[in-house]
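Undergrad: fold the following and give me the result.
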Amino acid sequence: MAILEIDKLVVHYGKINALKGVSLSINAGDIVTIIGANGAGKTTLLQAISGVIKCTSGSVKFNGKNITNERSDKILQHGVAHVPEGRRVFSELTVEENLLCGAYLNNDKAEKKRLIDEQYEIFPRLAERKKQEAGSLSGGEQQMLAIARGMMSKPAIVLLDEPSLGLAPILVERIFDMIAEINKMGKTILLVEQNANIALHVASYGYILETGKITVENTTEVLRSDDTVKKAYLGMSAPECEDINE
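TA: Sure, this is the predicted structure:
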């Protein structure tokens with residue numbers, strides 16, 4: 001069953017047509033990835049879904065409800081959490097204060113504590129640094145915090161924008177292990193990622209976005225073996241595309 005349906009979505013920045021009729025569908029419980037070059041419109045698409053920017057035309061439906069161009073806070077209440085590119089933690093607040101900011105719509109103190117404990121279980125490094133200012137964390141720790149903060153709203157779907165950006169390879173693997181763990185908890189994930197190799201291994205289905213249009217879509221198994229995809233996005237031959245879990 002589709003939890004998120006996007007139909008013929010068009011977005012403009014002034015006279016620039018950033019998205020040109022994008023359509024996609026995501027089933028509940030899946031990890032779906034969108035890959036593409038810089039400037040393809042990947043971040044724009046996530047921002048349009050979460051209400052950060054307005055759509056010119058087309059529709060975004062979540063659990064069958066049309067949420068196109070609703071306010072971001074309303075879309076969050078529906079169960080759509082957006083973890084933006086570049087982490088954007090509140091640097092002068094502690095780790096725990098950042099997490100509480102993610103639950104600002106929740107007035108139940110006991111539930112907030114349960115959610116914080118849940119994040120510390122997924123991200124034990126954050127538990128070790130809960131009283132530390134977020135700005136003093138490493139890049140990988142800040143990315144963990146950004147994802148954990150998004151989870152504090154109890155979303156049904158999490159939109160992740162470039163979680164591997166600027167991280168060392170060993171940290172990238174750790175972050176993606178945690179993303180897989182979140183998915184096992186029943187969270188649907190829409191992943192925008194320039195690291196196509198790792199994205200196409202963690203996700204089950206993928207879309208390729210080029211200059212505002214979806215040009216290819218298929219299971220990630222098929223995409224990984226597609227010669228055009230390998231040449232354009234993986235930059236390696238098929239034998240070199242090893243599973244991150246191997």
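Undergrad: and the residue nearest to residue 156 when sequence neighbours are not counted, what does it touch?
TA: Among residues not flanking residue 156 along the chain, residue 79 sits closest, at 3.7 Å (CB to CB, 6 or more residues apart in numbering). Backbone N, C-alpha and C define where each C-beta goes, glycine included. If a contact means CB atoms under 8 Å, 6 or more residues apart in numbering, then residue 79 has 62, 63, 153, 154, 155, 156, 157 as its contacts.
Undergrad: roughly how far does residue 79 sit from residue 221?
TA: 29 Å (CB to CB, to the nearest Å).
Undergrad: now swap in residue 149 and tell me
TA: Residue 149 is 32 Å from residue 221, by CB to CB.
Undergrad: between the two, who's got more neighbours?
TA: Shown here are residue 149 and residue 221; by other CB atoms under 10 Å, residue 149 has more neighbours (25 against 12).
Undergrad: quick one: contacts for that one?
TA: Neighbours of residue 149 in contact, by CB under 8 Å, 6+ apart: 83, 89, 98, 99, 101, 102.
Undergrad: measure the nearest residue to it once chain neighbours are set aside to residue 171 for me?
TA: Spatial nearest neighbour of residue 149, chain neighbours left out: residue 102 (3.7 Å); criterion: CB to CB, 6+ apart. Per CB to CB, residue 102 is found 21 Å from residue 171.
Undergrad: okay, the two: which has more neighbours?
TA: Between residue 102 and residue 171, counted using other CB under 10 Å, the more crowded position is residue 102 (26 against 17).
Undergrad: ok, and the most crowded of the contacts of residue 149?
TA: The member of the contacts of residue 149 that has the most neighbours, counting by other CB under 10 Å, is residue 102 with 26 neighbours.
Undergrad: verify the stated contact: that residue with residue 158.
TA: No: when contacts are counted by CB atoms under 8 Å, residue 102 is not listed as touching residue 158 (11.5 Å).
Undergrad: overlap in contacts of these two?
TA: With CB under 8 Å, 6+ apart as the test, residue 102 and residue 158 both reach 150, 151.
Undergrad: what helices or strands is the longest helix along the chain leaning on?
TA: In the chain, taking DSSP state H as the definition, the longest helix is helix 169-184. For helix 169-184, the elements it packs on are strand 31-35, helix 109-122, helix 139-151, strand 188-192, helix 196-202, judged by 3 or more CB pairs under 8 Å, 6 or more residues apart in numbering; DSSP states H and E.
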